[in-house]
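1. this one's sequence-less:
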């Protein structure tokens with residue numbers, strides 16, 4: 001696909017330096033490489049929790065002609081639930097103007113913005129198939145809703161990459177609870193965790209990055 005390791009590292013470092021600082025270069029590298037690999041898997045791409053668009057821009061650099069669906073309220077986080085740590089997150093936190101994000105991503109094609117509260121904003125996509133989901137929504141209920149929506153629509157071999165797994169109690173509870181009766185393994189590196197649809201065991205991050 002024409003990308004060398006040093007080129008990827010430089011590209012990601014430049015992007016993470018001009019957006020929000022919630023995505024580290026190491027996390028950005030993982031996003032890029034998984035999105036690149038998912039080009040060959042049937043289905044669209046999606047991100048739940050867009051913020052200023054840093055990770056979305058990394059995905060855009062790697063997605064080829066895939067459609068990327070971006071879901072966010074663009075008015076900040078919803079009200080945290082009892083499953084979240086209230087001292088960590090607050091309603092309205094991380095609000096950003098959607099027009100700023102569109103400007104930040106203006107040079108990329110095949111992007112669909114879905115503004116509002118997920119999963120209502122996905123009502124028109126129930127017949128879609130997906131190859132890659134990046135989640136950066138911080139809260140228990142949002143990740144739970146995301147997994148419930150995308151799991152049955154994810155192609156075999158498709159990737160779920162969840163940010164904040166090791167730093168958000170709500171995200172970890174939602175991921176662990178959802179996959180506890182599924183065959184897939186949860187692989188953790190840093191603050192991210194990866195699940196490959198249909199992969200029962202083995203280190204998915206080592207196999208795919």
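-> Yep, it's here. Nothing here was measured: the structure is a model prediction, and the numbers come from that model.
2. who's in contact with residue 198?
-> Residues counted as contacts of residue 198 (CB atoms under 8 Å, 6 or more residues apart in numbering) are 156, 157, 183, 184. (C-beta placed from N, C-alpha, C; glycine too.)
3. swap in 7 Å and give it another go.
-> 156, 157 (CB atoms under 7 Å, 6 or more residues apart in numbering).
4. list the buried residues of stretch 42-58.
-> Neighbour-count burial for stretch 42-58, counted by 16 or more other CB atoms under 10 Å, picks out 43-58.
5. show me which pair in those is furthest apart.
-> Taking CB to CB as the measure, the buried residues of stretch 42-58 span a maximum distance of 25.8 Å, between 43 and 52.
6. off-centre distance for whatever helix or strand residue 141 lives in?
-> Assigned by DSSP states H and E, residue 141 belongs to helix 140-150. Distance of helix 140-150 from its chain centroid, counting by CA atoms, centre = their mean, to the nearest Å, is 12 Å.
7. run me through the strand neighbours of whichever helix or strand comes after it, direction for each.
-> Counting by DSSP H and E, the element after helix 140-150 in chain order, helix or strand, is strand 154-162. According to DSSP bridges, strand 154-162 forms sheet pairs with strand 130-135 (parallel), strand 192-196 (antiparallel).
8. ok, back up a step: which secondary structure elements does the helix holding residue 141 contact?
-> strand 44-48, strand 130-135, helix 169-179 (3 or more CB pairs under 7 Å, 6 or more residues apart in numbering; DSSP states H and E).
9. hmm, who's touching it?
-> By CB under 7 Å, 6+ apart, the list of residues contacting helix 140-150 reads 46, 48, 78, 81, 83-84, 118-119, 122, 130, 133, 135, 137, 162, 170-171, 173-175, 178.
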